[in-house]
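J.: Structure for this input, please:
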Amino acid sequence: MTDSKYFTTTKKGEIFELKAELNSDKKEKKKEAVKKVIASMTVGKDVSALFPDVVNCMQTDNLELKKLVYLYLMNYAKSQPDMAIMAVNTFVKDCEDPNPLIRALAVRTMGCIRVDKITEYLCEPLRKCLKDEDPYVRKTAAVCVAKLHDINAQLVEDQGFLDTLKDLISDSNPMVVANAVAALSEIAESHPSSNLLDLNPQSINKLLTALNECTEWGQIFILDCLANYTPKDDREAQSICERVTPRLSHANSAVVLSAVKVLMKFMEMLSKDLDYYGTLLKKLAPPLVTLLSAEPELQYVALRNINLIVQKRPEILKHEMKVFFVKYNDPIYVKLEKLDIMIRLASQANIAQVLAELKEYATEVDVDFVRKAVRAIGRCAIKVEQSAERCVSTLLDLIQTKVNYVVQEAIVVIKDIFRKYPNKYESVIATLCENLDSLDEPEARAAMIWIVGEYAERIDNADELLESFLEGFHDESTQVQLQLLTAIVKLFLKKPTETQELVQQVLSLATQDSDNPDLRDRGYIYWRLLSTDPVAAKEVVLAEKPLISEETDLIEPTLLDELICYIGTLASVYHKPPSAFVEGGRGVVHKSLPPRTASNESTESPETAPAGPPSGEQPDVIPAQGDLLGDLLNLDLGPPVSGPPLATSSVQMGAVDLLGGGLDSLMGDEPEGIGGPNFVTPPAAAVPANLGAPMGSGLSDLFDLTSGVGTLSGSYVAPKAVWLPAMKAKGLEISGTFTRQVGSISMDLQLTNKALQVMTDFAIQFNRNSFGLAPAAPLQVHAPLSPNQTVEISLPLNTVGSVMKMEPLNNLQVAVKNNIDVFYFSTLYPLHILFVEDGKMERQMFLATWKDIPNENEAQFQIRDCPLNAEAASSRLQSSNIFTVAKRNVEGQDMLYQSLKLTNGIWVLAELRIQPGNPNFMDLELSLKCRAPEVSPHVCQAYETILKN
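T.: Okay, the predicted model is just below:
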């Protein structure tokens, strides 16, 4: 008979009857009663009233009954802590039972009863079980320590259980070792600062020995622990790799991925010249390929991990392209992931078979898959230059199929191919224009308009084509409207005589008839440009565009390195670090790959060189040129240009006006005092308040919309740069800069929504960094950010956050969250925002400190072509909190002795020698002394930035 009988309800007074049966003298009846109690508990009935009666049943030799009682105890001990104490004596007794199964059962149950009152009674039995002669009891006790630590960490430390746990790593039984490692890892994750797993070559050797003999989950614990170890040199790394490699042939996919993680991490330390390095690459491919023969869900997890591996080391799977070819019965999520990896592995050697495969996919029935396949053909053209021609002819074949969604995707990718290979494949434009009428998706229409505007001089009827789009201007999406505006202005600059009416019409639609601020602003910018300085307009609008990057969707290098350390976990499936999805941040440790060895660096090929930015450059997360909304502008609207305003040229040109007065009629009479006779001004009613100022300065006041507001005097502020391109953040573009004013640091952000949905719920978080920079307040975006809206925010910062030395020193990793997703980027902050106001040192103190700092800490730098003399340089530097302590002239050279202090209390002393070069520019020699010499190059960079801007 099955156990279902225990779940059938009995007569009235069920609890009373069970109570009577539990107190029965017959063992069999007692066991049946406990089973009924457990059955009631399982279906959610409250049987806590029977607590004392069930606890009395603990006094038995029957293992099955004991297990049932312990199960009941675990469930109700929390709600009945006073009653649970009654069971303590039995636990203590059971921990000394001759049967090891009962001893282990007792210690396991003790760990599961999360009641503070009981824990102190359990210390003695647990201590005995940790030293038990039976390995089964010891391995159970090891896990119990981790559970007890979660309830009362202080108690575990006071009782010395952690030291006992460390001793178990040297145990003779491999399962005890594995559980001890698992317990210590669990405790270490909740206390990242404690160095519990103090791994050294001896303990690593013990773990590797245990690795061969323990169960598969034990192997995973040990491999994960090995992955957190950094070998002291490449020889040790190779030795560990050799002993881990056999795990690659394990039947459990989790063991395989854990082994891959260890090998991927330690390969960083191996020189590419080693024969073993090549052998290891060959050994890594077969297990990854084998994972793809599992069921679809496992395949997907494997593919997400392979995607990371291929981005880090494409050479591992470069000969395995065929296994990523899509099968007809693959689920869509597997198909799309395989397609992504195929493009990453595409090279000159295999491009022919990849293209043949992709062309086949483009005739499938699944629309999403077909779209992705067509896009993939375009990505192959951009990635493998030799294949571009074949890709273009394949796309033209697809266009001839006249399948609507295929045609539209093909036009979008051909636009990208034109960006990558200008003046090469323009012969296909005629074919594209034939399909103009079938385009109904905004992205395809915008791409076609871009092509017509960009190559207007080669298309005889370009004006007619663009005019056909203009008829339904207000029904178009913003993306198309912006592109159409830019395209018609381009056309006008190329064929001014034939398209005056067209440009007037589009400017009028964009400014007077539109309520979209982005469109209106761009309309006004073009209007002013065209009316004040046609030459400048041509330089801006028809400027040469940068070529788009071949891989626009690679994961940012530092994030990729971190994700490689999380292979085989959820982070590798989400492609996000754990901190992005683990609530509360408990147990989240930022991991990174070990530093490369010197021998490795010297032999590194350019293709596989680490993608971190050179220290002087802004680290761009991912190339942004592929972003369609970014392309729409095709303008580099930087900050106000210093120097004479560009518009003066139009004043000297007299009344030269490409528009031929055509726009004047749109605006009626204009008061003489506003624009002067040579300027055409947008209609006064439609001009925003800050645009209505006199336009005599032309372009400069077009951008200087904040004139009159001004900023408080403070240190030099760099112009805003794009930190997070829209294409990498699902439409959110973040630009920014850092400022320091009157002792407070802020991050000035500009958030632009280039998506088609509203963005809300913004929040920001910084990773640990060298100077503890952290937001001093939440990111306040007071209203939802609508599509095409931009908002400027000043985020106050402090320097009391967690500190961790970064590479480079001034690297800042930032996470921004909104209602759509969490996005990551890194940027370099200028060090002068950390120079504090009380950084002036007394002369005597300066002399004493200079002598006290060792000479090897002195660093010499040259700053060439500085446009300032000593007086002006001293004044300029003082505004950024670099203070001149003393000044003297030696043999015609001015010497400035200066001091500055960083927010973390580090003093930097400087000697600035100014040598007059040509009359207008000086060459400077800068000597810096500091107790933390790694700061010096960044301080020099700050000097150069301040003096030259």
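
J.: Who are the contact partners of Val55?
T.: The contact partners of Val55, by CB atoms under 8 Å, 6 or more residues apart in numbering, come to Val69, Leu73, Met83, Met86, Ala87, Thr90. All C-beta spots, glycine's among them, are computed from the backbone N, C-alpha and C.

J.: Now do the SS call for Asp865.
T.: strand (DSSP: H, G, I helix; E, B strand; the rest coil).

J.: Could you report the pLDDT at the nearest residue to it once chain neighbours are set aside?
T.: What sits nearest to Asp865 in space, not counting adjacent residues and going by CB to CB, 6 or more residues apart in numbering, is Phe921, at 4.4 Å. The model reports Phe921 with a pLDDT of 73.

J.: swap in Asp368?
T.: 87.

J.: how far away is it from Val374?
T.: Counting by CB to CB, to the nearest Å, the separation of Asp368 from Val374 is 11 Å.

J.: Looking at these two now, which is surrounded by more residues?
T.: Neighbour totals were compared for Asp368 and Val374, and Val374 leads with 26 against 12 (other CB atoms under 10 Å).

J.: who's in contact with that one?
T.: Neighbour list for Val374: Ala362, Leu395, Leu398, Val406, Glu409, Ala410, Val413 [criterion: CB under 8 Å, 6+ apart].

J.: Which one (most neighbours) among these?
T.: Result: Ala410 is most packed of these (other CB under 10 Å), 30 neighbours.

J.: which ones are touching that residue?
T.: Contacts of Ala410 (CB under 8 Å, 6+ apart): Val374, Leu395, Leu396, Leu398, Ile399.

J.: The residue positioned nearest the centre of the chain in helix, strand or coil?
T.: Nearest to the mean C-alpha position of the chain, by CA atoms, centre = their mean, lies Tyr824 at 3.1 Å. Secondary structure, three-state DSSP: Tyr824 is strand.

J.: separation between the residue nearest to Asp865 and Pro784?
T.: Phe921 is 50 Å from Pro784, where distance means CB to CB.

J.: Which of the two has more residues huddled nearby?
T.: For the pair Phe921 and Pro784, the greater number of neighbours falls to Pro784 (15 against 12), based on other CB under 10 Å.

J.: Can you pull the domain assignment for the protein?
T.: If you go by the TED database, the domain ranges for the chain are 346-438, 441-532, 721-829, 834-948.

J.: is it fair to say Ile914 lies in a helix?
T.: No. Read with three-state DSSP, Ile914 is strand and lies in no helix.

J.: Tell me what it is bridged to.
T.: Note on Ile914: beta-bridge partners Asp894, Leu924, judged by DSSP bridges.

J.: Looks like it contacts Val890 (just checking).
T.: No. Judged on CB atoms under 8 Å, Ile914 makes no contact with Val890 at a distance of 10.8 Å.

J.: the more surrounded of these two?
T.: Applying other CB under 10 Å to Ile914 and Val890 shows that Ile914 carries more neighbours, namely 22 against 8.

J.: Quickly note the distance from the more buried one to Asp273.
T.: Taking CB to CB, one finds Ile914 at 48 Å from Asp273.

J.: swap in Lys338?
T.: Taken as CB to CB, the span from Lys338 to Asp273 is 34 Å.

J.: With neighbour numbers in mind, choose between these two.
T.: When Lys338 and Asp273 are compared for neighbours, Lys338 comes out ahead with 21 against 11, by other CB under 10 Å.

J.: pLDDT (mean, whole number) over the helix or strand hosting the more buried one?
T.: If you go by DSSP states H and E, Lys338 is part of helix 332-345. Averaging pLDDT along helix 332-345 yields 90.

J.: Show me which residues of it are buried.
T.: Val334, Lys335, Leu336, Glu337, Lys338, Leu339, Asp340, Ile341, Met342, Ile343, Arg344, Leu345 (16 or more other CB atoms under 10 Å).

J.: Now Glu856: closest residue in space, sequence neighbours ignored.
T.: In space, Glu856 is closest to Pro933, 7.9 Å off (CB to CB, 6+ apart).

J.: wait, the one you found sits on Ala859?
T.: Yes. Between Pro933 and Ala859 there is a contact under CB under 8 Å: 6.3 Å.

J.: where along the chain do the strands fall?
T.: Counting by DSSP state E, the chain has strands at residues 721-724, 732-741, 744-753, 763-766, 774-775, 790-798, 811-817, 822-828, 858-866, 883-890, 893-901, 907-916, 922-930.

J.: any idea how far the closest residue to Ala87 other than its chain neighbours is from Leu101?
T.: Take Ala87 and drop its neighbours on the chain: the residue closest to it by CB to CB, 6+ apart is Val55, 5.3 Å away. As for Val55, its distance to Leu101 is 20 Å (criterion: CB to CB).

J.: sorry, back to before: of all the domains of the chain, which one is nearest Ser190?
T.: domain 721-829 (16.4 Å; CB to CB).

J.: Please state the offset of that closest one from the chain centre?
T.: Put simply, domain 721-829 sits 12 Å off its chain's centre (CA atoms, centre = their mean, to the nearest Å).

J.: got it, and stretch 118-131?
T.: The answer for stretch 118-131 is 45 Å, by CA atoms, centre = their mean.

J.: what does that stretch rub up against?
T.: Contacts of stretch 118-131 (CB under 8 Å, 6+ apart): 77, 81, 84-85, 88, 91-92, 95-96, 103-104, 106-107, 110, 137-138, 140-142, 144-145, 148, 151-152, 155, 159, 161, 164-165, 168.

J.: Centre of the chain to the helix holding Lys338, how far?
T.: The chain centre lies 21 Å from the centre of helix 332-345; the measure is CA atoms, centre = their mean.

J.: isn't Ile38 right up against Leu68?
T.: Yes. With contacts counted by CB under 8 Å, Ile38 reaches Leu68, the gap being 5.5 Å.

J.: Run through the bridge partners of the closest residue in space to Lys948 that isn't next to it in sequence.
T.: Distance criterion CB to CB, 6+ apart; nearest residue to Lys948, sequence neighbours excluded, is Cys866 at 6.6 Å. Beta-bridge partners for Cys866, by DSSP bridges, are Met922.

J.: quick one: contacts for Cys866?
T.: Here Cys866 is in contact with Ala873, Ile914, Phe921, Met922, Asp923, Leu924, Leu947, Lys948 (criterion: CB under 8 Å, 6+ apart).

J.: quick one: it from Ala910, how far?
T.: Relative to Ala910, and taking CB to CB, Cys866 is found at 14 Å.

J.: How about Ala462?
T.: 59 Å.

J.: thought Lys545 was touching Phe418?
T.: No. The pair Lys545 / Phe418 is not scored as a contact, 10.0 Å apart, by CB under 8 Å.

J.: So these two - more neighbours on which side?
T.: Legend: neighbour count by other CB under 10 Å for Lys545 and Phe418, higher for Phe418 (23 against 14).

J.: So Ala146 sits against Glu186, correct?
T.: Yes. In this structure, Ala146 is within contact of Glu186 by CB under 8 Å, at 4.5 Å.

J.: follow-up on the earlier one: so what's the predicted local confidence for the residue nearest to Ala87?
T.: Reported pLDDT for Val55: 74.

J.: Distance of it relative to Lys26?
T.: Distance from Val55 to Lys26, by CB to CB: 19 Å.

J.: Same question for Asp116.
T.: Applying CB to CB to Asp116 and Lys26 gives a distance of 37 Å.

J.: Glu295 too?
T.: 49 Å.

J.: who's more crowded, the two?
T.: Comparing Glu295 with Lys26 by other CB under 10 Å, the one with more neighbours is Lys26, at 10 against 7.

J.: mind checking how far that one is from Ala20?
T.: 12 Å.

J.: same deal with Lys383?
T.: Distance from Lys383 to Ala20, by CB to CB: 78 Å.

J.: Much appreciated, bye for now.
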